[in-house]
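Enquirer: Pasted the sequence and its predicted model underneath.
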Amino acid sequence: MKYSKRLSRYLLPTVKEDPKEAEIPSHRLMIRAGMIRKLASGIYEFLPLGWRVVKKVENIIREEMDGIGGQEMIMSAVQPKSLWDETGSGRWYLYGPELIRFTDRNDREFCLGPTHEEVITHIVASNVKSYKELPLLLYQFQMKYRDEIRPRFGIMRAREFYMKDAYSFDRTVEDCRKSYEDNFKAYERIFRRCGLDFVSVEADTGNIGGQSSHEFMVIADTGEEEIAVCRCGYGANTEMAEFRTDDRADGDRQEAVRELEEVHTPGVTTVEEVAGFLKETPKKFIKTLLFRTDDGRHIAAFIRGDHELSEHALKKAASANAIEFIDDDTIKKKLKSSPGFSGPVGLSSSGAAIELYMDSAAAGIVNGISGADRKDYHLRNINVRRDMKADFREGNFRKARQGDLCPKCGGALVFKRGIEVGHTFLLGTKYSESMKAVFVNDQGSEENMIMGCYGIGVTRVVAAAIEQSHDGNGIIWPAPISPFDVLLVQIARDADEFCAELFGKLSEEYEVLWDDRALTPGVKFKDAQLIGIPVQIVIGKKYKETGEVEIQYRKTGEKEFVRPEHISEKLKKRSG
RNA sequence: CGGGGUGUGGCUCAGUUUGGCUAGAGCACUCGGUUCGGGACCGAGAGGCCGUCGGUUCAAAUCCGACCACCCCGACCA
């Protein structure tokens, strides 16, 4: 017997009107379909129907994780600060206010886990000693806690969310690559099975750390991430995307090179303001961005005015782990420049200790405009190769954008929006080294374990599935993650017995929700569309006349009439 | 945290500009009746110290102040 329910005995508070707090389809529909309710900003309850979908996704993930040798366990959501101190990486502080902290009655500090690298590494470090016990792949499903700056879009970006996190431990980097590959492939199977249209892209490793990283993106206009993909299979977060340029299109190359000239630009600092003031296009500007690296060096990046800096590319070129803007005081005193009026000419000739990174597009500007490194003045007619007085590094330091070409095949990059539902990291020894997760190899000496970690936002997958599959009437569930297989819609009021019998029979094979509520047909049909179960079996007045019942398919709206004993056969043919 | 906005029965909202006597509508809910294949109809009910605290006033949902909550735009992430 499958899990089946009568709707009259099921908590399914559907809502006719759009809730005003919800903007995007998934959020709206999850509330309207009685799946979730909000308890506080970014904190949601899952009602029975919503939780069933979460469990469907969870089970698919579980099967695939087990399939690659994963072992499920559960760690505490509560973590002691002392454990975080062990990494020596200062992650307790790096995580900042996003970490939900509290103290117990004895003033010991704890947090609610935003992720579990520290805990799992601790467990493995203290329980695994020999190369004979490796590799290991451990995973769990659990609520994670992040005090997001701005919770948004219902469960899409919540402060409490359900996540699958897996951690691999290997003897060698090659073995770890294999583990990474296994997980990567499992992710592809998982998202395919969930019926999602997705791509995997190269990604930044963020504050989890590590060497290699991929994000799994569900394609949706409402996605928060911008990704660049190519027909050849290349794909990357735009933050990361490499590209070849086709800047010939930009050329005012014929323009005659003119003499440097200082112009008075009182109080105008941003590219837009100065462009307006001087009546020039942003393409003529060299935007100057000043950073301090985590190891204390000063660097300047020069980007064309209409371009955006790729922090990733700059960090990579400068071999920095992190960069932050330089404060005004330092700009004045150490760099002998003026905040808001910095530019390549002054910075390269002042003798200040600063590394210079010039984006290729900016380098190619003829008679460009930039700050004059003194308050309220800009320089015009800058020609980088002529006017820069110190060595600089040239390269791509901007983000890819429309019109750029694929770095692999030279084809046109296509930009899409995506919802990040999964992220894989090849961590290496970042945690094992600091937390002494070591094993004894077959030579009898100690080595650090090589780690990987792999997350899937289970609740976000649910929201993403709805973003991708809905219409004006409601949700359209992909069959594998639908909360029920079949919705039995009883319209005829004198059909209780018939429906009860059919319900019992169908339940042997399908998870059935029987709408046995004493409501008017309109309400029941609308609710049926809203909650989006793929197959509806409607018992109306016709069943008595012809002995046939009606099957309606949510996705296409098609209807067909069959004898009750042929339902199963029909559905099999349909799905097969 | 910066910018914008909203708080009035369970839900969606009117009323606030120009203070005034019992605070409204639709939906949902309860009871009775009529309906019964695409969010029905009639009748009768129940449900609100108008986000909170303080102030102005003869009188405050309405004016003033503080606070709180929530939503949207930016930096963070599964």
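Expert: Here it is on my side, so go on. Numbering: from 1, shown residues only, chains lettered A, B, ... in the order given.
Enquirer: Against which helices or strands is the lengthiest strand in chain A packed?
Expert: For chain A, the longest strand by residue count, based on DSSP state E, is strand A:414-428. Counting contacts by 3 or more CB pairs under 8 Å, 6 or more residues apart in numbering; DSSP states H and E, strand A:414-428 packs against helix A:173-193, strand A:198-202, strand A:212-219, strand A:225-229, strand A:450-457, helix A:458-468. Where C-beta positions appear, they are placed from N, C-alpha and C, glycine not excepted.
Enquirer: Quick one: end-to-end distance for stretch A:214-224.
Expert: With CA to CA, to the nearest Å as the measure, stretch A:214-224 spans 16 Å from end to end.
Enquirer: could you give the mean pLDDT of that stretch?
Expert: Stretch A:214-224 carries an average pLDDT of 92.
Enquirer: Any stretches of the stretch 251-400 of chain A with poor pLDDT?
Expert: A:251-254 (pLDDT under 70).
Enquirer: All the helices of it, in order from the start?
Expert: Along the stretch 251-400 of chain A, the segments classed as helices by DSSP state H, counting those that start in this stretch run A:271-278, A:311-317, A:328-333, A:344-349, A:360-363, A:384-387.
Enquirer: Redo those helices as CSV? Include mean neighbour count.
Expert: Compiled in CSV, those are given as follows (neighbours: other CB atoms under 10 Å):
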stretch, mean neighbour count
helix A:271-278, 16
helix A:311-317, 19
helix A:328-333, 13
helix A:344-349, 23
helix A:360-363, 20
helix A:384-387, 14
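Enquirer: Which one of these lies nearest to RNA strand B?
Expert: Closest approach to RNA strand B among the helices of the stretch 251-400 of chain A is made by helix A:311-317 (7.5 Å; CB to the nearest atom of the strand).
Enquirer: so what does that closest one touch, helix or strand wise?
Expert: By 3+ CB pairs under 8 Å, 6+ apart, helix A:311-317 packs against strand A:323-325, strand A:393-395.
Enquirer: so how far is that helix from its chain's centroid?
Expert: Here the centre of helix A:311-317 is set off from its chain's centre by 21 Å, with CA atoms, centre = their mean, to the nearest Å.
Enquirer: Identify all contacting residues around it.
Expert: The contact list for helix A:311-317 (CB atoms under 8 Å, 6 or more residues apart in numbering) reads A:204, A:239-240, A:291, A:299, A:301, A:320-323, A:357, A:393, A:395-398.
Enquirer: With just CA atoms, put that helix into PDB.
Expert: Provided in PDB are the C-alpha atoms of helix A:311-317 (Å, rounded to 0.1, in the frame of the first residue of the first chain):
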ATOM      1  CA  GLU A 311      37.500  40.500  -8.600                       C
ATOM      2  CA  HIS A 312      38.300  36.900  -9.200                       C
ATOM      3  CA  ALA A 313      40.600  37.700 -12.100                       C
ATOM      4  CA  LEU A 314      42.300  40.400 -10.200                       C
ATOM      5  CA  LYS A 315      42.900  38.200  -7.100                       C
ATOM      6  CA  LYS A 316      44.300  35.500  -9.300                       C
ATOM      7  CA  ALA A 317      46.700  37.900 -11.100                       C
END
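Enquirer: Could you tell me how far the closest residue to RNA strand B within chain A is located from residue A:533?
Expert: Residue of chain A nearest RNA strand B, by CB to the nearest atom of the strand: residue A:540 (1.6 Å). Distance, residue A:540 to residue A:533, by CB to CB, to the nearest Å: 18 Å.
Enquirer: In terms of neighbours, single out the busier of the two.
Expert: Between residue A:540 and residue A:533, counting by other CB atoms under 10 Å, residue A:533 is the more crowded of the two (24 against 15).
Enquirer: quick one: what helix or strand has that one in it?
Expert: Assigned by DSSP states H and E, residue A:533 falls within no helix or strand.
Enquirer: dump the residue contacts of it.
Expert: Each residue near residue A:533 by CB under 8 Å, 6+ apart is listed here: A:477, A:482, A:483, A:484, A:485, A:486, A:487, A:513, A:554.
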